[in-house]
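*Asks:* When you get a sec, could you give me coordinates for this:
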Amino acid sequence: MFTLMEGWTRRIIRVSVLALACGMAAVAANAATPEKADGQSGLAAHVSPGRSMPVRGARPAAAALATGLSYHGGPVITSAKVVFIFWGPSFADASSPDHLYALTLQAFRNQFGTTLEYNVITQYSGIQQANLGAGTPDLFDAATPPANVTESDIQSEVFSYLQSNGFDASTIYEVVLPTTSYYTEPFGGVSCGAPVDASFCARHSWIDNGASAIKYSIQPYPSCAGCQTPGWSDVQNQEHFVTHETRESVTDQQVDAWYDSSSGYEADDKCAWWPPPFIGSGGYAYQYEWSNQTSSCVQTLPIGSGPGVTTNGASGVSTTAATLGGTVYPTGASANAYFQWGTTAAYGSTTASQNVGAGTTPVPISANLTGLACATTYHLQAVVSNGDGTGYGGDQSFTTITCPASFYTLAPCRILDTRPFPLTGRLVWEFGVATSCGIPADATAVSANITALDSTSSGYLTIWPAQAPRPNTSTLNFGPGQIRANNTILWLAPGYGVTMRAIWFEFSGAGKFHLIIDVNGYFQ
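*Replies:* As a prediction, this is how the structure comes out:
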């Protein structure tokens, strides 16, 4: 039996507010696009991952193109396959136009993975061109899908396929819907065919995590103006969306690999609808793709003969030091690699060159930087060269840790008291701390006393800076009816749903609890 993981990620949360007496807000969170409701605070664990392609005109192009993609450590599909699940009797009916529609999508899929349009994404983490049609057979399911298809319906259809054909970790299972159905996202957005205006055209998602993650996309029929390019046929519009969701499933299958840190956009999101989609290889329809190599949206990327390289970013970042990382893909000839780095994308400094050999398997490279300035953003790019040519990785950036702060005392002041409205455990909450009790907007941390009380279950409380990775250590442990307190330093970071510096916190128990936070000083 497959179950949907109760994970969460800040990039795919849409928030809704439930006001509390203390001025804090709780939210219900579902998988969604990066947009959030302005001025709202709080967030909770999402219950269904995924990313959707917006309708035409829904996103400003200029904002998406301001910065490049960054690698966030998650998996990609190096050699992908695509299985179509055509759901509905019309796709298998040779007398129906939908039958030719399905056959055309199969023909498009069978050549897409070896095109120059697909080759654009081979610059990311060693992704290779592939025969996308080399997987298990496509399914023509003659059963009639519901008029309103939900996420649960899609997952059940994928599970049904896997029971007969087995699971492959490199396969994307793409469910194609007929004109008689529309799809509703977990947070309520709808596709073409719904009784209200569509908010998206297609979507990719996954079930479970890591190597066992089942990757899938939803391909609703593009029957509305927001999902159509003027002058194109329905199947050409669908080819466009298969392009979009397939490449994003490959480069960012679990929305933790390649995406733009500043906007949350994935590679195809950055070029969605602008420049306009085009007819390319094989006479099929495609959209532009973001290329870190050119820092722009491109139709294609030529297949190079020289070595490849990926800039993986920086690790071990401190106030004055960092370790740069990358991966080189040699071509069988001896190659040398190094990093360019500096405070702008013009770089200006280089690390020592290192020989990566003459093999044909990926080789990790790294270089240590010291003597950096604190609270400063640096750019880096991995470079590799041999007799066949020179390869450049994408631009990545990192920011050194904030300069050492000074401590300022405050008269004891209560910034949070959730009584009489208890909070729910196993949800992630956000609370804006800065500007309360005399804490300045640019404070980096506060000295606080944390008190938990009136809990209905046992568990532990974890508090950490907003939008930062969740730590593995607890701040406070308590049981039912107990009152427990602890002195701690709360580090602050820009909030996700609030406009001030904030903390995130979560109680591991399944019940309710109250929380009190008193501050007595801050760091700045």
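
*Asks:* surely Cys413 meets Cys437?
*Replies:* Yes. Under the criterion of C-beta atoms under 8 Å, Cys413 makes contact with Cys437 at 3.5 Å. Bear in mind the C-beta positions are built from the backbone N, C-alpha and C, glycine included.

*Asks:* Name the residues contacting each of the two.
*Replies:* Common neighbours of Cys413 and Cys437, using C-beta atoms under 8 Å, 6 or more residues apart in numbering, are Val519.

*Asks:* So between the two, which is more surrounded?
*Replies:* The neighbour comparison of Cys413 against Cys437 (other C-beta atoms under 10 Å) goes to Cys437, with 18 against 14.

*Asks:* residues in contact with that one?
*Replies:* Cys437 neighbours (C-beta under 8 Å, 6+ apart): 410, 413-415, 519.

*Asks:* Can you tell me the SS state at the spatially closest residue to Phe241 that is not a sequence neighbour?
*Replies:* Nearest non-adjacent residue to Phe241, counting by C-beta to C-beta, 6 or more residues apart in numbering: Ala202, 3.9 Å away. Here Ala202 is strand, with the state taken from DSSP: H, G, I helix; E, B strand; the rest coil.

*Asks:* Bridge partners for Ala202, pull those for me.
*Replies:* Met53 (DSSP bridges).

*Asks:* now do Trp504
*Replies:* Glu430, Trp464.

*Asks:* which residues does it contact?
*Replies:* 43, 428-430, 463-468, 470.

*Asks:* Lowest-confidence entry in those residues?
*Replies:* Least confident by pLDDT among the contacts of Trp504: that is Leu43, with 24.

*Asks:* Do I have it right that Ser249 meets Lys215?
*Replies:* Yes. The criterion here is C-beta under 8 Å, and Ser249 meets it with Lys215 at 5.1 Å.

*Asks:* between those two, what contacts are shared?
*Replies:* Joint contacts of Ser249 and Lys215 (C-beta under 8 Å, 6+ apart) are 77, 172, 204.

*Asks:* Please tell me which one of those counts the most neighbours.
*Replies:* These, ranked by neighbours (other C-beta under 10 Å): first place His204, 28 neighbours.

*Asks:* Run through the helices of the stretch 151-300 of the chain in chain order.
*Replies:* 151-165, 234-251 (DSSP state H, counting those that start in this stretch).

*Asks:* For Ser353, find the nearest of these.
*Replies:* Proximity to Ser353 (C-beta to C-beta) singles out helix 234-251 among the helices of the stretch 151-300 of the chain, at 28.9 Å.

*Asks:* Show me which positions of the closest one end up buried.
*Replies:* 234-251 (16 or more other C-beta atoms under 10 Å).

*Asks:* can you check stretch 361-371 too?
*Replies:* Residues of stretch 361-371 classed as buried: 362-363, 365-367, 369 (neighbour count, 16+ other C-beta under 10 Å).

*Asks:* Kindly export that stretch (C-alpha atoms) in PDB.
*Replies:* What follows is stretch 361-371 as a C-alpha-only set of coordinates in PDB (Å, rounded to 0.1, in the frame of the first residue of the first chain):
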ATOM      1  CA  THR A 361      32.000   8.600 -14.800                       C
ATOM      2  CA  PRO A 362      31.100  11.600 -12.700                       C
ATOM      3  CA  VAL A 363      33.800  13.100 -10.500                       C
ATOM      4  CA  PRO A 364      33.000  15.300  -7.400                       C
ATOM      5  CA  ILE A 365      35.200  18.400  -7.000                       C
ATOM      6  CA  SER A 366      35.600  20.800  -4.100                       C
ATOM      7  CA  ALA A 367      37.600  23.800  -3.000                       C
ATOM      8  CA  ASN A 368      37.900  25.500   0.400                       C
ATOM      9  CA  LEU A 369      37.700  29.300   0.600                       C
ATOM     10  CA  THR A 370      38.800  31.200   3.700                       C
ATOM     11  CA  GLY A 371      39.200  34.900   4.600                       C
END
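
*Asks:* center of the chain - which residue?
*Replies:* Nearest residue to the geometric centre of the chain (C-alpha atoms, centre = their mean): Val255, 2.7 Å.

*Asks:* thinking again about what came up before, can you tell me which two in the contacts of Cys437 are farthest apart?
*Replies:* Leu410 and Arg414 (11.4 Å).

*Asks:* Residues in a beta bridge with the closest residue to Asn449 other than its chain neighbours, which ones?
*Replies:* What sits nearest to Asn449 in space, not counting adjacent residues and going by C-beta to C-beta, 6+ apart, is Asp518, at 4.6 Å. Taking DSSP bridges as the rule, Asp518 bridges to Arg414, Asn449.

*Asks:* swap in Tyr182?
*Replies:* Asn148.

*Asks:* ok, the nearest residue to Ala267 once chain neighbours are set aside to Ser296 distance?
*Replies:* Once flanking residues are discounted, Ala267 sits nearest to Trp290: 4.7 Å by C-beta to C-beta, 6+ apart. From Trp290 over to Ser296 the distance is 8 Å, taken as C-beta to C-beta, to the nearest Å.

*Asks:* Looking at Asp269 now. What's its pLDDT?
*Replies:* Reported pLDDT for Asp269: 92.

*Asks:* pLDDT value on the residue lying farthest from the centre of the chain, please?
*Replies:* In the chain, the residue that sits farthest from the middle, by C-alpha atoms, centre = their mean, is Ala411; the gap is 41.9 Å. Ala411 carries a pLDDT value of 95.

*Asks:* Where does it sit, in terms of helix or strand?
*Replies:* strand 407-417 (DSSP states H and E).

*Asks:* Then Ile77?
*Replies:* Counting by DSSP H and E, Ile77 is part of no helix or strand.

*Asks:* what's across from Val309 in the sheet?
*Replies:* Counting by DSSP bridges, the residues bridging with Val309 are Val328.

*Asks:* pretty sure it contacts Thr390?
*Replies:* No. Shown here, Val309 and Thr390 do not form a contact pair, counting by C-beta under 8 Å, at 9.2 Å.

*Asks:* Between these two, which has more neighbouring residues?
*Replies:* In this view Val309 and Thr390 are compared by other C-beta under 10 Å, and Val309 has more residues nearby, 29 against 14.

*Asks:* Which pLDDT value belongs to the more buried one?
*Replies:* 82.

*Asks:* who's in contact with it?
*Replies:* Applying C-beta under 8 Å, 6+ apart, the residues contacting Val309 are 326-329, 337, 382-384, 391-393.

*Asks:* so where's the stretch 151-300 of the chain shaky on pLDDT?
*Replies:* 209-210 (pLDDT under 70).

*Asks:* how much space between the residue lying closest to Ala321 once chain neighbours are set aside and Tyr378?
*Replies:* Distances taken as C-beta to C-beta, 6+ apart place Thr370 nearest to Ala321, at 4.7 Å, with adjacent residues excluded. Thr370 sits 12 Å away from Tyr378, going by C-beta to C-beta.
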